[in-house]
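Visitor: Quick one: sequence plus predicted model below, questions after.
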Amino acid sequence: MPPSSAGASAAGAHVARALGTPWRAVTVFLLPAATFYVAFTAYPVFRTLWNSFHKVLPAKEEFVGLANYAELVRDEIFWRAVRNTLVWACTSPLFEVSIALVLALALYAKVPGRRFFRIAWFTPVLMSYVVVGIIWAWIYNYDWGAVNTGLRALGLNSWTRAWLGKQETALPALIFVTTWMWSGFNMVVLLAALHSLPSEVIEAAELDNCGWWGKLVHVIFPMIRPTVLNLVVLSFVGKMKIFDLVWITTKGGPLWSTETVSIYVYKRAFEWNTFDLGYPSAVASVWFVIVLGSVLTLSYVFRQREKLEY
Amino acid sequence: MHRLQRAVVLFALCVFTAFAAGPFFWVATMSLRTTSEISRDHYAWPGTLHWNKFPDAWFNSNYSTYFQNSLLVVVSAVIILTLVGAMAAHCFARYRFKLNRFFYFIIFSTIIFPPQITIIALFQILVQYGLFNSLIGLTLVYVAFQLPITVYILESFFARIPGDLFEAARIDGYSEMAIFWRISLPIALPALSTTIILNTILLWNEFLYAVVLITDEDKRTLPLGIQRFMGDQMEDIGMISTGLMIAIIPVVLIYAFFSEKLIQGMTAGAVK
């Protein structure tokens, strides 16, 4: 909004003009987007919700009421998937954002080669999960993967294992991959937030003889808090949706230890030969409500106004 | 002492850089080595550079098809997205009408939807309309998928264009369409290029919709092709690396030329 009075009066004239809304122009401009939105977003969402109360076989559909939801409550694999996804979504933001904060502060301290570091660290996030998944499946390879090769070189032969093949290590190993992938992204956002801080405030803190720790905790952190919380929500939502990486590396195995909700929906809809699209729709609907609910709760808790994604 | 501190920090940053970029570097070296060379030592520097592996993957393993499909889908989706998104964003930013904010919020909130909520029904719908297993169907879905973020980025830019400019144009007798084409779009060029680059990268990498909506070998996009190739040639690490590099190189090229734009696009909205 224009702050000056001249600007305000111009805005007023603008409103007066707009009273005769050019509906024709509005329609012409909005129609293409609205068509795409209704046909490929809104309608599919409602159709999925509708599916979830039916048994949807290729040739016929049959109303089953809440049967799908009742089955879901008893479905142990579903609960396993929920647990895995929640573990992922709740731990990732902590790792990603804290590593990113350390890196951002290091670059903020004006080390040489800042531009290079920033650009290099951002690269993982530009690659598709398919590429990243294949590379990391190799890095975790038992015989010649970088992790085990490194451990052997350090004489820690007893530590080597098939990282993605063991139930205890598969999920942590994948969480490590997403942390590797997203830390740089978070760092870039935090660095931008740091650079937008008013320098007078920081200089004032320096004059007051604040130590660097005091400066960080009492001056810098409170000011970048909104950005940090945004990143936490962003990272959380991203992990709630995660599919590609798991599909390429473990397909949910071994023994459901990396099964996520998205993977389970896909398997039930397109891999298992049950041919019923109703049950996976119920899973997707429940997850949809949970994701939306948790984002709303988080942003309420963080007292943030919108602007959540990307 | 201060110097020493600095050196330690710099060293740590270099280690992290190796950690962040190392995996890609490793694949790049393997893409120029044969699988038998690789299995002797996975981490050796490429002695002879086998550039011929690239044409080999391109012509003999269907990579030319995958690449062309990806290019076709991404370019057409991005063109449609830019036009449709800019029109909608212009409309939201420029006209005051009842329910303006309501419609904007409806579109905006879709950004957080998990794709699973649409994917099953999209499968049914595309089958119904004969768009399943077609690049056109995939393109249309991609447009809908990226529309919210595109409208969001463009709207916030359009909203900052001073209204006086439009008043002046109106007085000069410009039609609403002409105002959009000849004033809004040229001014918004920086924001448009941000969304174009962002959408190109995200769609180039997209996997979930493609894996559900495409099954024919000759319609696969690059991520699907790589997955297929990986399944077929499990042991042929050298060739898979070459395939990975074919998918990575366009992204790296775009990043080399437009790194700031790309970072801006990817992080838009996260900065408060």
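Guide: Looks like it came in fine. Numbers count the residues shown, from 1 in each chain, chains lettered A, B, ... in the order given.
Visitor: Would you mark the buried spots in stretch B:232-245?
Guide: By neighbour count with 16 or more other C-beta atoms under 10 Å in any protein chain shown, stretch B:232-245 contains the buried residues B:236-245. For every residue, glycine as well, the C-beta is placed using N, CA and C.
Visitor: neighbours around residue A:223, how many?
Guide: 15 (other C-beta atoms under 10 Å in any protein chain shown).
Visitor: Excluding covalently adjacent residues, which one is nearest to it?
Guide: Using C-beta to C-beta, 6 or more residues apart in numbering or on different chains and skipping residues adjacent in sequence, the residue nearest residue A:223 is residue A:197, 5.6 Å away.
Visitor: where's that neighbour, which helix or strand?
Guide: Counting by DSSP states H and E, residue A:197 is held by no secondary-structure element, helix or strand.
Visitor: Can you report how many residues lie near it?
Guide: Per other C-beta under 10 Å, the neighbour tally for residue A:197 reads 14.
Visitor: Also residue B:10?
Guide: Neighbour tally, residue B:10, other C-beta under 10 Å: 15.
Visitor: With residue A:219 instead?
Guide: By other C-beta under 10 Å, 17 other residues sit near residue A:219.
Visitor: And for the one 5 residues further on?
Guide: Neighbouring residues of residue A:224 were enumerated by other C-beta under 10 Å; the total is 22.
Visitor: per-residue confidence averaged over the helix or strand containing it?
Guide: Using DSSP H and E, the element containing residue A:224 is helix A:221-240. Averaged across helix A:221-240, pLDDT comes to 89.
Visitor: how about it: buried residues?
Guide: A:224, A:226-240.
Visitor: what about stretch B:29-47, near chain A?
Guide: Yes. Using C-beta under 8 Å from any C-beta of the partner chain, stretch B:29-47 comes into contact with chain A via B:39, B:42-43.
Visitor: Please point out which parts of that stretch sit buried.
Guide: Within stretch B:29-47, the residues that count as buried by 16+ other C-beta under 10 Å are B:29-35, B:37-38, B:42.
Visitor: Can you give the contact residues for that stretch?
Guide: A:144, A:146, A:149, B:26, B:49-51, B:53-54, B:235-239, B:241-242, B:244-245 (C-beta atoms under 8 Å, 6 or more residues apart in numbering or on different chains).
Visitor: let's go with 7 Å and repeat that
Guide: If you take C-beta atoms under 7 Å, 6 or more residues apart in numbering or on different chains as the criterion, stretch B:29-47 is touched by A:144, B:49-51, B:53, B:236-239, B:241-242, B:244-245.
Visitor: Tell me which two of those residues sit farthest apart.
Guide: Farthest pair in those (C-beta to C-beta) is A:144 and B:51. Separation: 24.3 Å.
Visitor: How about the secondary structure of residue A:62?
Guide: Assigned state for residue A:62: strand (three-state reduction, DSSP: H, G, I helix; E, B strand; the rest coil).
Visitor: I misspoke; the intended subject was residue A:142.
Guide: Three-state call for residue A:142 (three-state DSSP): coil.
Visitor: what about it, how many residues close to it?
Guide: Residue A:142 has 14 nearby residues by other C-beta under 10 Å.
Visitor: how about it, what does it touch?
Guide: A:148, A:162.
Visitor: Secondary structure element for residue A:28, which one?
Guide: Applying DSSP H and E as the criterion places residue A:28 in helix A:23-37.
Visitor: Next secondary structure after that helix?
Guide: In N-to-C order, the element after helix A:23-37 by DSSP H and E is helix A:43-51.
Visitor: Could you give me the buried positions within that following helix?
Guide: Buried residues in helix A:43-51 (16+ other C-beta under 10 Å): A:44-45, A:47-51.
Visitor: Pick out whichever of these sits closest to residue B:70.
Guide: For the buried residues of helix A:43-51, the minimum distance to residue B:70 (C-beta to C-beta) is 23.5 Å, reached by residue A:44.
Visitor: interface residues of the stretch 101-250 of chain A facing chain B?
Guide: Counting by C-beta under 7 Å from any C-beta of the partner chain, the positions of the stretch 101-250 of chain A adjacent to chain B are A:103, A:106, A:111, A:117, A:119-131, A:134-135, A:139, A:144, A:184-185, A:188-189, A:192-193, A:226-227, A:230-231, A:234, A:237, A:240-241, A:243-244, A:248.
Visitor: Now, those residues that are in helices?
Guide: Among those, the members falling in helices (DSSP state H) are A:103, A:106, A:117, A:119-122, A:129-131, A:134-135, A:139, A:184-185, A:188-189, A:192-193, A:226-227, A:230-231, A:234, A:237, A:240, A:244, A:248.
Visitor: before we move on, back to that, name the nearest of the residues of stretch B:29-47 next to chain A relative to chain A.
Guide: residue B:42 (4.7 Å; C-beta to the nearest C-beta).
Visitor: Compute the distance between the closest one and residue B:249, please.
Guide: Going from residue B:42 to residue B:249 by C-beta to C-beta, to the nearest Å gives 22 Å.
Visitor: same question, residue B:55
Guide: Counting by C-beta to C-beta - residue B:55 and residue B:249 are separated by 14 Å.
Visitor: re the thing from before, could you give me the buried positions within the helix holding residue A:28?
Guide: A:25-26, A:29-30, A:32-34, A:36-37.
Visitor: Now pLDDT and distance to residue B:205 too, for those, in CSV please.
Guide: Shown next, in CSV, are the buried residues of helix A:23-37 (pLDDT from 0 to 100; distance: C-beta to C-beta, whole Å):
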residue, pLDDT, distance to residue B:205
A:25, 86, 36
A:26, 87, 35
A:29, 92, 30
A:30, 92, 29
A:32, 94, 25
A:33, 93, 24
A:34, 93, 27
A:36, 94, 21
A:37, 94, 23
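Visitor: Any chance of these in CSV with distance to residue B:64 as columns?
Guide: Conversion of the buried residues of helix A:23-37 to CSV gives the following (distance: C-beta to C-beta, whole Å):
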residue, distance to residue B:64
A:25, 45
A:26, 45
A:29, 39
A:30, 40
A:32, 33
A:33, 34
A:34, 38
A:36, 30
A:37, 35
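Visitor: ok, the closest residue to residue A:247 other than its chain neighbours - contacts?
Guide: By the measure of C-beta to C-beta, 6+ apart, the closest residue to residue A:247 outside its immediate chain neighbours is residue A:263, 6.4 Å from it. When contacts are counted by C-beta under 7 Å, 6+ apart, residue A:263 touches A:81, A:243, A:246-247, A:252.
Visitor: Can I get those residues in CSV including neighbour count, pLDDT and distance to residue B:126?
Guide: Shown next, in CSV, are the contacts of residue A:263 (neighbours: other C-beta atoms under 10 Å in any protein chain shown; pLDDT from 0 to 100; distance: C-beta to C-beta, whole Å):
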residue, neighbour count, pLDDT, distance to residue B:126
A:81, 24, 94, 26
A:243, 21, 93, 19
A:246, 25, 95, 24
A:247, 22, 93, 20
A:252, 23, 87, 25
